[in-house]
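Undergrad: I need the structure of the sequence given here:
(2 chains)
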Amino acid sequence: MDLHFHDARATPVEQAAVDALLGPPVTGWAGGERNATDRHGSTGGADRARAQRPHLLPALHAVNDRVGWISPGALNYVCQRLSVPPAEAYGVMTFYALFSPTPRPPRVVHVCTDLACLAAGASAIERELTDTIGPAGAPTADGTATWHRSPCLGVCERAPAALVIEAGSAPRAATVCPASPETVAAAVRGEPPAPEVRSIAAIPQAVRGDRDSLVLLRRVGVVDPASLDDYRSHGGYEALRRAIALGATGVIREVTDSRLLGRGGAAFPAGRKWEAVARNPVRPHWLVCNADESEPGTFKDRVLLEGDPFAVIEAMTIAGYATGCHTGYIYLRGEYPRARQRLEGAVAEARQRGFLGDDVMGMGFRFDVELFRGAGAYICGEETAIFNSIEGLRGEPRNKPPFPVDEGLFGQPTLVNNVETLVNVLPIVLGGGPAYATIGTDGSTGTKLFCLSGRVASPGVYEVPFGITLRELLDMAGGVADGGVLRAVLLGGAAGGFVTPDGLDVPLTFEGARAAATTLGSGVVLVLDDTVDLVEFVLRIAEFFRDESCGQCVPCRVGTVRQEEALRRLANLGADAGRRGGDDIAILADVAQVMRDASICGLGHTAANAVESAIERLGVFS
Amino acid sequence: MSSTPVALRAPVRKVELTVDGETVKVPEGSTILDACRREGHEIPTLCFGPTITPKNACRVCMVEVEGARVLVPSCSRTVEPGMVVHTASDRVKHSRRMVLELLGSSVDLSTTANVERWNHEYRADPGRFGRPSFSDAGVRDAAQAGHHHLPPAGDHAIAETVHQPATVDNDLYVRDYAKCILCYQCVDACGEQWQNTFAIGVAGRGFDARISTEFALGLPDSACVYCGNCIAVCPTGALMPSIEFDMRLAGTWDASRQTATDTICPYCGVGCNLTLHVQDNTIVKVTSPADHDITSGNLCIKGRFGFGHVQPRPAP
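TA: Numbering: from 1, shown residues only, chains lettered A, B, ... in the order given. Below is the predicted model of the structure:
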């Protein structure tokens, strides 16, 4: 492409960071030195540019990891290497919260101020940092660090949490949790945080020795996540063998018979998706494992990815085999350093040992996994935004139809499933679909991972068969922490709704939640007691949606702003809200409806759910 | 010798659907909007333009299709046999009113066609959210994704807007992003749908999303070739030739006193159609008809801006 670049040049360090990813430039057309042949030909044109585009986000990561921000010169160089117009690349880079287009210190501490951390006292950390360092974004006196407020970091069982990301020749990222004003201040100073606790600590059932009830989590904390041999000695890759014995159509039949519903929040029948992709005559097919777990209060996929990464890879291999995909992407959110490290190790080992590659296990089929790192955007967990993000475009959701099974990643038929959904395939293939379907209820089969956090005695991931009630689940987790009084449970995350203490007998099934006019969403069970300021909590939800809206469609782009403004006015009225807040209550209802009816994607459709249920069920402003 | 008529192309199949209770037959591949307009139903549109693939971002053209959980954008959804469409249900009217209110409360729509009439028709009250905010130049360009900002000075009566000073960085056209509804048409016209120049893109996220060059560079430093094809597709007047912008500012722009004369561009052999907009015997703007089969409304810098030499010279 004939692109125009302004004068800024990349520094040698920035250039080396990009070259380490892409290899040295071969021509003057792609950012290298001009050579004699450059004048007589080009190196590809539009096709080459298109093929290179998915390297854009990794290349931006490379610069950001090395320098801590992305300078105009670095962006120019990335664009020259990949034939991407700089204006488009700027649009992509400014879409993600983890990239900075302006200089900033190499060490950035992201302090989670989201729901679970808010309930666990994150405000104290914020206040401390504001007092000692300055407002969010201000550099420390020595200029080596800064801090920012962050949406949910997905370690809610150890809330409050912070994430340190340090750029440099050996970039590092580490989670600080539970965080305190002291540990976060130490992280800001550059002291490495204490090592994270083992994955098993996130599973109270396993800690108590109650392993028999675990299906999806049965290996977490038992198996060495870095060892393929250990995985195999714990039953790993038996499911893939069984899948190959069943054949592709056999696997899909089992998944269909299992009546497995998607666990990402939309509860779509997995078998129907698989069959639609498998049958689609257009080739190639792509597989995407959605590990962009960002719904506030959700951390189940992280526990699976960290504790049993080979299971995710095996399940993806089965999905690829059954639906005719040769490549599966794992789209991992950028804020999961430990999961990333474990997955990188697992993918490399599986590849080296022939469990991924041109001839998987000597069975005559080709399948490989690419790990793709997100850069801080909740919306990229939307099933079509994830495609745009991988393709190197802004992570904006697409209009549906066409659906991913027809036109997904790179415009080809694509199977996109959540991590938990995929891992369910292992027991389905091993035990058969009909046997799996006997677990749970008729409408919701199998077991479900619930993420208990907030003011609960034993927070963590709980695996239970569908059908137990919310009350039973809370009892398993020891009830409200410190003997507090239950105020409400946020079920399903920021996109879900509140359940009051008199609604605890709701059966935890997709149909049960629907009947109670709420949703299981991604399995969030966030417990609030009388120590939590509900108005502040609801405001945080509204802030979250405003910050995470992609900005594409009017109802969500402006609606999330008007929703937050109205809530702030109501909060400002205090006890008078019920009497004088009528106009704003009406605004909230009007905005909620247009977001639900007319937004492009699920973010907009659900952005008012929790706010509405807080007003209607919890009476926060009455 | 008898002659047989020759079919020049395969006949287009017709699709039958119901719009507001009436049966309608339209060619396969039509959109719901096409079908509605054929039947004389007015559907408001803002981000829809005749020469750009619909982005369906504004959501003002939503209609209700029976069986669909949410409303559907009529500008891009193609008709299916047996579809039952409602263009004026309560949900549709509410959705239109709210889109008009949300946009009207955050964007300056004073030069957007039809908005006043639609506001009246749908009883939209864009003022209900509070006093409009105003940002200094460059503030919105610096907003970073995911970083939350609070209302200025905790003033809760303020409704955040995109209002900001117009960007004047060249002699030919002005970018007044206070009027931008983010329809993406200029980006698509500059990019692969027409010009393939890629000088502008959408930057930022959420309410901070904006049209921008890389690092918000001025147009003279960007890839812009001043074809002005972004101006041609802009539905709100956010992109405007400098002459029109200055005349509007001075209060001398008067569309009712203007004539439009079609001619052919004299510069090269392509033969683009030009429409000269003349006020007081002076050319004030040049456009090209959107339905012209060569230009589709597009021109180059010479055709769109190079008309000074035919203007009356100022008296010596």
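Undergrad: C-alpha from now on. contacts and neighbour counts both.
TA: Noted.
Undergrad: show me what contacts the residue with the shortest distance to the centre of chain B?
TA: Centrality entry for chain B: nearest residue to the mean C-alpha point is B:P235, 2.6 Å, by CA atoms, centre = their mean. B:P235 is in contact with B:46-47, B:49, B:112-113, counting by CA atoms under 8 Å, 6 or more residues apart in numbering or on different chains.
Undergrad: mind running it again at 7 Å?
TA: B:46-47, B:112 (CA atoms under 7 Å, 6 or more residues apart in numbering or on different chains).
Undergrad: mind checking the SS state of the residue nearest to A:F372 when sequence neighbours are not counted?
TA: Distances taken as CA to CA, 6 or more residues apart in numbering or on different chains put A:Y331 closest to A:F372, at 4.8 Å, once the chain neighbours are dropped. Classification of A:Y331 using DSSP: H, G, I helix; E, B strand; the rest coil returns strand.
Undergrad: got the domain ranges for the chain?
TA: Chain wasn't specified; assuming chain A. Annotated domains of chain A cover A:12-93, A:107-189, A:228-437, A:447-529, A:534-616 [automatic domain parsing].
Undergrad: my bad, the chain I had in mind was chain B
TA: Domain assignment for chain B by automatic domain parsing gives B:14-93, B:130-145+B:153-240, B:254-316.
Undergrad: tell me the most buried of these?
TA: Ranked by mean neighbour count under mean count of other CA atoms under 10 Å in any protein chain shown, the domains of chain B are led by domain B:130-145+B:153-240, which reaches a mean of 21.
Undergrad: among the helices and strands of chain A, which has the poorest mean pLDDT?
TA: helix A:46-52 (a mean of 84; mean pLDDT, DSSP states H and E).
Undergrad: is that one positioned near chain B?
TA: No: judged by CA under 7 Å from any CA of the partner chain, helix A:46-52 and chain B are separated, with a smallest distance of 11.1 Å.
Undergrad: how about the residues of the stretch 201-316 of chain B by chain A?
TA: Counting by CA under 7 Å from any CA, the residues of the stretch 201-316 of chain B close to chain A are B:201-207, B:209, B:213-215, B:221-223.
Undergrad: turn those into a markdown table, columns for secondary structure.
TA: Output for those, formatted as a markdown table (three-state DSSP):
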| residue | secondary structure |
| --- | --- |
| B:G201 | strand |
| B:V202 | strand |
| B:A203 | strand |
| B:G204 | coil |
| B:R205 | coil |
| B:G206 | helix |
| B:F207 | helix |
| B:A209 | coil |
| B:T213 | coil |
| B:E214 | helix |
| B:F215 | helix |
| B:D221 | helix |
| B:S222 | coil |
| B:A223 | coil |
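Undergrad: I'd like the residues you listed written out as TSV, with pLDDT added.
TA: Formatted as TSV, these follow (pLDDT from 0 to 100):
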residue	pLDDT
B:G201	98
B:V202	98
B:A203	98
B:G204	97
B:R205	97
B:G206	97
B:F207	97
B:A209	98
B:T213	97
B:E214	97
B:F215	97
B:D221	95
B:S222	96
B:A223	96
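Undergrad: closest one of those to B:G146?
TA: Nearest to B:G146 among those: B:R205, at 7.7 Å, using CA to CA.
Undergrad: output the below-cut-off pLDDT ranges for the chain.
TA: No chain specified, so I'll use chain A. Along chain A, segments meeting pLDDT under 70 span A:1, A:41-44.
Undergrad: the chain in question should be chain B.
TA: Scanning chain B for pLDDT under 70 picks out B:1-3, B:7, B:151-153.
Undergrad: mind listing the helices for it?
TA: B:32-38, B:90-106, B:115-121, B:185-190, B:229-233, B:242-250, B:301-305 (DSSP state H).
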